[in-house]
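Model the structure of this input:
(chains A and B)
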Amino acid sequence: KNEVEQSPQNLTAQEGEFITINCSYSVGISALHWLQQHPGGGIVSLFMLSSGKKKHGRLIATINIQEKHSSLHITASHPRDSAVYICAVKYSGGGADGLTFGKGTHLIIQP
Amino acid sequence: ETGVTQTPRHLVMGMTNKKSLKCEQHLGHNAMYWYKQSAKKPLELMFVYNFKEQTENNSVPSRFSPECPNSSHLFLHLHTLQPEDSALYLCASSQEAGSIAEAFFGQGTRLTVV
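Presented below is the predicted three-dimensional model:
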């Protein structure tokens, strides 16, 4: 079974800390997504990666295709970054949607 | 605001009720999706519509019935649900199904079956 593993499941940190969330997957992919879900439920797409590294503001996402691993970093974390961060992959040869999701990392940033 | 609007935001229904969830997007996307998010579980794909045609039904029980009258609207009709169907139901859209383009998600409908 193709699975997406995220770590940690829960993370509490102080404002200003550097945050790293990890995602591992089992077989070849064509793309990896990082999503953010706030307590209200709505999901926002943060990044879509197929190789290398992307940066948007204080968020950085990297992917290592050989190691089947991606990381999401948050610099100078802020309480408004508190959310669930979800990793999703599109496996090569997947179906119409073909996204497989991780269970998410619940991040709390304390002031 | 992502451009994908779901109504209602919250719904409580009995097991004998019939209700419908609605999703609307005016992003010009041609693919729309229903996902289920249960507590402590990953998002699960339920249905995919591409250019108004259902292209994927991920082994979803028949008590969930999707409808896509046009590329901008997607419904999920619910009848004789079970308490274990209580979950957050999320709608998403993307330019086309099968592409790796970015998907836009709605806020979700929090469904409670009593």
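
can we go C-alpha only for contacts and neighbour counts from here?
Will do.

Need the pLDDT of residue 52.
Reading this off chain A. Note on A:Gly52: pLDDT of 94.

Chain B is the one I meant
With respect to pLDDT, B:Lys52 has a value of 84.

Roughly how far does it sit from chain A?
Going from B:Lys52 to chain A by C-alpha to the nearest C-alpha, to the nearest Å gives 14 Å.

quick one: that residue and B:Ser71 touch, right?
Yes - applying C-alpha atoms under 8 Å as the test, B:Lys52 and B:Ser71 come out as touching, 5.5 Å apart.

confidence score at the residue in chain B that chain A sits nearest to?
Closest approach between chain B and chain A, counting by C-alpha to the nearest C-alpha: B:Gln107, at 3.5 Å. Here the pLDDT value assigned to B:Gln107 is 92.

List the neighbouring strands of the helix-or-strand element of chain A with minimal mean pLDDT plus their orientation.
Within chain A, no helix or strand scores below strand A:99-101, which has a mean of 86 by mean pLDDT, DSSP states H and E. Within its sheet, strand A:99-101 is paired with strand A:83-91 (antiparallel), according to DSSP bridges.

Helix, strand, or coil at the residue of chain B closest to chain A?
Taking DSSP: H, G, I helix; E, B strand; the rest coil as the rule, one finds B:Gln107 in the coil state.

shouldn't it be in contact with A:His38?
No - when contacts are counted by C-alpha under 8 Å, B:Gln107 is not listed as touching A:His38 (9.3 Å).

hmm, back to that, any idea which helix or strand comes after the least confident helix or strand of chain A?
strand A:105-110 (DSSP states H and E).

relative to strand A:83-91, how tilted is that following strand?
Calculated by axes from the mean of the first three to the mean of the last three C-alpha atoms, to 10 degrees, strand A:105-110 forms an angle of 150 degrees with strand A:83-91.

Need the residues that contact strand A:105-110.
A:6-15, A:21, A:77-86 (C-alpha atoms under 8 Å, 6 or more residues apart in numbering or on different chains).

Which of these are buried? Put it as a ChimeraX command.
Per 16 or more other C-alpha atoms under 10 Å in any protein chain shown, the buried members of these correspond to this ChimeraX selection:
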select /A:6,7,9,11,13,15,21,77,78,81,82,83,84,85,86
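
can you tell me which of the contacts of strand A:105-110 are in helices?
Using DSSP state H, no member of the contacts of strand A:105-110 sits in helices.

low-scoring pLDDT stretches of the chain, where are they?
Reading this off chain A. Within chain A, the segments meeting pLDDT under 70 span A:1-2, A:93-98.

my question was about chain B
Applying pLDDT under 70 to chain B flags residues B:1, B:98-101.
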